[in-house]
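Visitor: Test case, fold it:
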Amino acid sequence: MTPRLWTIPRAEGVGTLAGLCALLLWPVFAAWEGAKPVFAAALALTALCGVSILLATLADLARRRRGRSLRPVRSFDVAAGLLLAGPALLALADLF
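Guide: Residues are numbered from 1 along each chain as shown. Reported below is the predicted structural model:
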C-alpha cells in the first residue's frame, strides 16, 4: 500500500499555516500595495486546503459507511474546511 501524499490532516496543517501567514501579511498589504501577490497566494493556498478538506471528507463519507465513533472527527473536518475556505474565499473575492 503506497502512502497518500495529500491527506486531511496534512491539508489542515498546511491550511492553518497559510491562514496564519495571511493574517500576518494583512497589515503589510494594507500598508504596502506591493505585498498583494504574496497576500493573495497565502489566501489562495488557505482556500485550496479548505476546499480539499471538504472534498476529501465528502468522498470518504460517500465511499464508506462509518459508525457513530467517527462522526465527531468528520464534523471537525467539515468545520475546519469551512473555517479555512470560507473567509479565505471571501477575502480573495474582495481582493480582486
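
Visitor: alpha carbons only for contacts and neighbour counts from here, please
Guide: Noted.

Visitor: gap between the residue positioned nearest the centre of the chain and Arg74?
Guide: Centroid-nearest residue in the chain: Gly50, 2.5 Å away (criterion: C-alpha atoms, centre = their mean). Distance, Gly50 to Arg74, using C-alpha to C-alpha, to the nearest Å: 14 Å.

Visitor: swap in Ala42?
Guide: Relative to Arg74, and taking C-alpha to C-alpha, Ala42 is found at 25 Å.

Visitor: between the two, who's got more neighbours?
Guide: Of the pair Ala42 and Arg74, Ala42 is the one with more neighbours under other C-alpha atoms under 10 Å, namely 23 against 17.

Visitor: Output the below-cut-off pLDDT ranges for this structure.
Guide: 1-2, 66-67 (pLDDT under 70).

Visitor: for it, what spans make up the strands?
Guide: For the chain, no strands are identified by DSSP state E.

Visitor: Just name whatever secondary elements the lengthiest helix in it is in contact with.
Guide: Counting by DSSP state H, the longest helix found in the chain is helix 36-63. Contacts defined by 3 or more C-alpha pairs under 8 Å, 6 or more residues apart in numbering; DSSP states H and E place helix 36-63 against helix 8-31, helix 71-95.

Visitor: Nice, that's everything, thank you.
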